[in-house]
Each structure stands twice: as structure tokens, then as C-alpha cells.
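# fold the following and give me the result.
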Amino acid sequence: LGNPAAPDYDAPYECYKHTLFDGSGRNMRPKTPESRQSQRSWRYSQQPFDGYDRVVGTNPWGWLYVPEDCVASPRATGALSKKKGDGRKQGKKTSSGAGGGGGGGGGGACSVFVWFRPCGAGSWANDVWWDNFDEIAETNRIVLISPVVSKNRCYLRHPGCHEVSRGCWDGYGQLGEDYALQSGKHMRLVGDVLRSFLKAYGVD
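Numbers count the residues shown, from 1 in each chain. Below you'll find the predicted structure:
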């Protein structure tokens, strides 16, 4: 997210501002002075979810970041292991659960933000990295879900899937014309992961 032409440009802040804070950012709390990703990150198994397919690169695991104020109960970190996933940590009980809706800096329900990392990122066992998205998420009650795609042999079924084979999300239609729909090869997995997480918090 670095921009040598504009080194002061804060991409995570701008992204949150336009997706969760009505474009103003006036209710957004300052980010934490240092990353807490090593304490607040979990790895979850993607294998139980609809759409998991190694041929098109869906990785065996994805990543989850839960701010301290959003860990309501053990189900918070187990939300993505509905069929025995592989969360690496056990959440501790705190105040409130996650839900949908706008930015959560002022209390109440937490927001959920799905982050699509660059090609192949997150596919190694210890490759947890939030590129400063976690620093704002921690103080503004934003749960981060990062599904992961890794290098693959998609060309066995989809000749010409050059970018996807490198571990990129299919933003090119290389896996089918429905690539941007919920029925798309990659979007099916993302949709099931998100639905399962929200269901664990009682959000339909």
C-alpha cells in the first residue's frame, strides 16, 4: 500500500473512511501506536467451506483479526471453525459481539471488514500481516476477515488463468463469467466464510 509519490497517504484510513464511516472519518478513533497482530490474529481452516478447491487456489487456511473489545466469547474465535477449523488461539471473554453495520468506534456492535490481500499473500503458515489495517481496526471495533488464495494449477481446468495460477483473486474472469457473482469460483468460498462468521454472532 506504499505510495512513493504520496508517502503521507494513509490507505487503510481512506479505505475504512469510505466503507464504514460515510466518507467523512469524523467518528473514527486514532489507530493504536503499535500493531497487536501477534496477539489478536487467528488462523482458520478454509477447507470445510463451500467453494474450497485447491485447483483454483483456495488456500487451506485464511486469517482473522479480532479486536479485544469484539471477543465476546469463545465462539468469537471459533466462528470460522464451524466444522472443526484450526484456530490457533482461544478467545477470552470480554464485552460485546460482532455484527454488521457502520464503523464501531463509539461502542455497540463491531463491524466486519473483508480484506483481499495481494496475490498469494497469507498462504504460508506464519504469514500473518495486516498492513496497518489492524491498527485502526483495534481502536474502532472492526473485525478483519482475510480469505486466502495461493499458487495453484487452475490451468488444468481453466486454460489461460495466468494471474489466478500465481495466487491472485479472480478479478479477471479467468475462472468463469460469473467471477464477480456469489456463484463465482472464489466468491463462493468468501460468501460461505462470511455467512458462517455472522451466523455465529446471531446475524442473519
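
# element containing Q174, please.
In this assignment (DSSP states H and E), Q174 forms part of neither any helix nor any strand.

# phi, psi of it?
For Q174, the backbone dihedrals are phi -80, psi -20 (criterion: degrees, to the nearest 10).

# for S146, see how far away it is.
21 Å (CB to CB, to the nearest Å). (Each C-beta comes from the backbone N, C-alpha and C, glycine too.)

# name the next helix or strand downstream of the worst-scoring helix or strand of the chain on mean pLDDT, please.
Least confident helix or strand of the chain, by mean pLDDT, DSSP states H and E, is helix 74-78 with a mean of 50. Following helix 74-78 in sequence order, the next helix or strand is strand 111-114 (DSSP H and E).

# okay, buried residues for the helix or strand following that next one please.
Downstream of strand 111-114, the first helix or strand assigned by DSSP H and E is helix 133-140. Judged by neighbour count (16 or more other CB atoms under 10 Å), helix 133-140 contains these buried residues: F133, D134, E135, I136, A137, E138, T139, N140.

# how many neighbours does F49 have?
Neighbour count for F49, taken as other CB atoms under 10 Å: 24.

# just say helix, strand or coil for it.
Using DSSP: H, G, I helix; E, B strand; the rest coil, the structure places F49 in coil.

# residue contacts, it?
L189, D192, V193, S196 (CB atoms under 8 Å, 6 or more residues apart in numbering).

# any chance of the residues you listed in CSV, plus neighbour count?
Output for those, formatted as CSV (neighbours: other CB atoms under 10 Å):
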residue, neighbour count
L189, 23
D192, 19
V193, 26
S196, 19
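
# thanks a lot, catch you later.
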